[in-house]
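Asker: A structural model of the following input is requested.
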Amino acid sequence: MSEKMMKKSKGLIAALLGTVMIAALTIWGCGTSSYDNPVSDGVNAAVTTKTATALITAADLKGWMDAGLVNKAGGYDRVVILDVTANAADGTNKFNSVGHIPGAYLVPEGNAYFQATRAEGPLSATGAMVCTGTVMDTLIQNAGIDAYTTIVLTTNSGSALDLTRPYATFRYWGFPKNRIKVLQSSNPGWIAAGYALTSQPTVVQKSTYGVSQGKPNVNADMRASLSEMIATVKGIDAGNAGKVYILDTVRPATGVFKTQDLITPTTTSTATPPVTTSLYTPFDGFVKGSYRFPLASLVTGPTGAIGTSGTTFKTAEEIKAVISGAVYGDGATSTTTITDANRDAAKTFVTMCRAGNNASQGYFVLDGIAYYNSSVDVKWYDGSLGQWNLMASKDAVNPTRGGQLAVGSIWDTTSLMDSLTWNVDRSLAIVNYASRVYGVEPSFAEGNQLEEADKAYRSVVISPSGGVAAGGGGGC
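Answerer: Just a heads-up that it's a prediction; the model follows:
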C-alpha cells in the first residue's frame, strides 16, 4: 500500500472514530448533549416538556399523556411518572386501592425510599441523609428513566413533603431542574381537573441508565455538607460577606424546638409493663444566622395544613414575600426580618429542618419555583438539626450534658447556636451515640465522606444483551 493511501486510510479511521465518539456523547452525554439541548432528530427539534417552573398542572400532564410521551419507547421528551405513595398504616397498598394516574410507577416505601443512614464528619452513622447511587440506579432503571426522560413526581397523599424529598434527591444526583416536574396538588389535583385514576398495573420497559456511568455525576453544589455548613455559619457570624441566608423550616413561632435522634428516637425498657422513652439530641436552639421559614406559609389547601388533600404550592412572588418576612431568632422576642432589600441582595439560601424532609420543601420552593431561572444559589442541608445537634463535645466538668465528641472537637457546633439549650436541663432523655463517633475524628478536609463516596460511585447497569456492564457514558 502506498504512503499516500495509508495516510488516507488513517484519516478515514480517525473521522469514523470521531463520529462514533460524537454519537456516544449525544446518546449518553450530560448537560447540553441530552437534557438541556437535545440534538434534533428531524422531528423533535424542540423540548416540549419545558415549563416556566418545575410545577406543572394536571392539564400539562394530560397533554403529554395524550401526545404519547408517557413511557414512550425512546426518543426525546419521553415522560415517566413517579408516584411517591407509601402504604397505609395497616399495610394497604394505596397505589392500587386508591388508584393512580395511568402509566405511573410506584416508588417503593414512598418518601422513605430517598433516605439513608450514612457516614459524615466525625460520625460513622447519621440518619436521614441523601440516598446512595445504588438506590438511585435501582429506581431509575426499574422505572425506565433514561438520559432523555422528564420525571413527573406525584403522590396519593397530597403531602408536599412526599414530592420535595425526591426532587432534592434527583437534583443532588445530577438531574437538571428542567427535567424534574412536580404535579401541583398531586393526585387530588388530577382528580379535581376531571381526570380519572386507575388500578390497572403499569408495565414499564426497564432502562440501562445509571446516575454515574463512567464519570462522577454528583451535584454537590446544591447540598450543604456538615463541614460546609459549619464554615457557612462561621462566615455569617463574622459579618456575612457572602450574603447567605439560612431558612429553618421547623422553628416554632415561640420556644425552642426539641430534636429527637434520627437513628434511635426511642428506647424501651424491660420493665413490666415496658416503658418507652423518647431520646433527644444533646442540645437545641437556633443556628446562628438562621430565620424562621414555616412550611405552612409556603402552601395553601382546603384546610391550610401540610399533607391535606389538594395541598398546593404558592407562587414565586408569594414565596419571595415569605422570605422577606422570615423572622430571625425566637419570634416571641425578635422582630428582625430578612426584608426585601436583603432578600434581593442574597447570593445563597440554605434550607434546613430536623431530618432533611421539611428542608427539601424549602429547597424546592426556592430552586423549583421562586428562583427557577436565576443565578441565586440554593442549598439543601439534609443533615439538619438531627446531625447538627449531635455535634457536642464531652463536657469534662459536667458529663451529663450528653455530648460524645472529643473534648475540644473542631466539629463542636455549640458555639454556633443562639438560645443554646441543653436538653438534659429540660428533663429530656439524651441518646447515647458514642458508638457512632470515630475513634480518631477526621479533619474538615477529610470529613466530607458522603459526597466523596458518591463522587467515586460508578453505576452498574444491565446491558441490552442481559449481561452486567459497568460504565458506558455520562448521566445527567
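Asker: got the buried residues for stretch 453-463?
Answerer: Within stretch 453-463, the residues scored as buried using 16 or more other Cβ atoms under 10 Å are 454, 457-459, 461. Every C-beta, even on glycine, is put in place using the N, C-alpha and C of the backbone.
Asker: for stretch 442-453, same thing?
Answerer: 442, 447-451.
Asker: what does stretch 102-117 give?
Answerer: 102-107, 110-116.
Asker: again with stretch 174-193
Answerer: 174-191.
Asker: what about it, start to end distance?
Answerer: Separation of the first and last residues of stretch 174-193 by Cα to Cα, to the nearest Å is 32 Å.
Asker: quick one: which of the buried residues of stretch 102-117 sit in strands?
Answerer: Those of these mapping onto strands are 105-106, 115-116, per DSSP state E.
Asker: so which of those residues would you say is closest to Tyr363?
Answerer: Gln115 (14.7 Å; Cβ to Cβ).
Asker: for the chain, what spans make up the helices?
Answerer: Applying DSSP state H to the chain gives helices spanning 3-28, 58-66, 94-97, 133-142, 161-172, 186-192, 226-237, 316-324, 339-345, 357-364, 384-388, 449-456.
Asker: most tightly surrounded among those?
Answerer: Neighbour counts (mean count of other Cβ atoms under 10 Å) averaged over each of the helices of the chain peak at helix 357-364, with a mean of 28.
Asker: And that one, how far out from the chain middle?
Answerer: Distance of helix 357-364 from its chain centroid, counting by Cα atoms, centre = their mean, to the nearest Å, is 8 Å.
Asker: Switch the buried residues of stretch 453-463 over to a markdown table; also include distance to Ala54.
Answerer: Below are the buried residues of stretch 453-463 laid out as a markdown table (distance: Cβ to Cβ, whole Å):
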| residue | distance to Ala54 |
| --- | --- |
| Asp454 | 23 |
| Tyr457 | 25 |
| Arg458 | 29 |
| Ser459 | 25 |
| Val461 | 27 |
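Asker: just those residues now: which is nearest Pro201?
Answerer: Val461 (24.5 Å).
Asker: And the contacts of stretch 49-58?
Answerer: Stretch 49-58 has contacts (Cβ atoms under 8 Å, 6 or more residues apart in numbering) with 60, 64, 69, 77, 79, 150, 152, 167, 177-185, 189-190, 192-193, 195, 313, 316, 364, 367-369, 372.
Asker: give me that answer again for 7 Å
Answerer: The contact list for stretch 49-58 (Cβ atoms under 7 Å, 6 or more residues apart in numbering) reads 60, 64, 77, 79, 150, 152, 177-178, 180-184, 189-190, 193, 195, 313, 316, 368-369, 372.
Asker: gap between Arg223 and Thr155?
Answerer: Using Cβ to Cβ, to the nearest Å, we find Arg223 at a distance of 23 Å from Thr155.
Asker: what sits against the spatially most central residue of the chain?
Answerer: Central residue of the chain (Cα atoms, centre = their mean): Ala168, 2.4 Å from the mean position. Taking Cβ under 7 Å, 6+ apart, we find Ala168 in contact with 360, 363-364, 380.
Asker: Between which two of those is the distance greatest?
Answerer: Phe364 and Trp380, at 9.0 Å, using Cβ to Cβ across these.
Asker: Any idea which of the helices of the chain gets closest to Val275?
Answerer: helix 384-388 (23.8 Å).
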